[in-house]
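**Q** need a 3D model of the sequence below.
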Amino acid sequence: MRTISFTRHRFPPDIIRHAVWLYARFTLSYRDVEDLLAERGLDISYESVRRWFLKFGTPIAKNLRRMRPTPSDYWHLNEMVIVIRGRRHWLWRAVDNEGEVLDFLVQSKRNAKAAMKLMRKLLKKQGWAPTRIITDKLRSYHVAIRTLGLTAEHIDEKRANNRAENSHQPVRRRERKQQRFKSSGSAQRFLNIHSSVYNTFYVQRHLLSISTFKRFRTDAFNVWESASAAT
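**A** Numbers count the residues shown, from 1 in each chain. Here you go, the predicted model:
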């Protein structure tokens, strides 16, 4: 795990990490984070928060991904449309059966080539093939699975992919808050950070007792502290 250097910054690492966490964890704008910090007596501009997020968000996200346990071998794949500068793009997204975000890819097409690119990225990143793949009715998935020679059980029944459909909701909220993404590159960069933080703090709270939830929350904060440790 990489230790992150916060040298030559006017504010202490704890404040910088807290600002990055606020923006990545909650549906806030940079100005919202500025106001929250100002309420605590910290005179920090939203531009500083933006620069901190861009500089430190990526290495923190990489550390968080290294610390995650192995996900399930049940993959849910889905795609959602996002509008960037007036043009439609597609956010191809993969989660496991517990809601863990496995990977995603912003692409301009919704065809077999795009589906294959996502699946190749998934296979390379995970290092193993799934035993079950759940998708919607898009035929491009069938072509990609057949071309790659995957032997996983493929399910494309109606409503079977609700797990992936629901996983788009946090992204859609952030898209509205940011008044749409400005470019495919910035969308990919932001969602890389957002998904890592989401995985760390996501839990189906209604299924847990309060004592179990409190332990999970404490563990999640400990993971965050380790991933954003300063030199």
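**Q** how close does the residue most central in space within the chain sit to residue 223?
**A** Taking CA atoms, centre = their mean, the centroid of the chain lies closest to residue 195, which sits 1.2 Å from it. The gap separating residue 195 from residue 223 is 15 Å, by CB to CB, to the nearest Å. Using the backbone N, CA and C atoms, a C-beta is placed for each residue, glycine as well.
**Q** now swap in residue 13 and tell me
**A** 17 Å.
**Q** buried sites along stretch 132-142?
**A** 133, 134, 135, 136, 138, 140, 141 (16 or more other CB atoms under 10 Å).
**Q** excluding covalently adjacent residues, which one is nearest to the third one?
**A** Yep, that's residue 135 we're talking about. residue 141 (4.3 Å; CB to CB, 6 or more residues apart in numbering).
**Q** go on, residue 109?
**A** residue 90 (6.9 Å).
**Q** now do residue 158
**A** Nearest to residue 158 is residue 137, by CB to CB, 6+ apart, at 7.7 Å.
**Q** for the one you found, what is the enclosing helix or strand?
**A** Under the criterion DSSP states H and E, no helix or strand holds residue 137.
**Q** I'd guessed it sits against residue 156; true?
**A** Yes. Using CB atoms under 8 Å, residue 137 is in contact with residue 156, at 5.5 Å.
**Q** what lies in contact with stretch 34-47?
**A** 11, 15, 18, 19, 22, 28, 29, 30, 31, 33, 49 (CB atoms under 8 Å, 6 or more residues apart in numbering).
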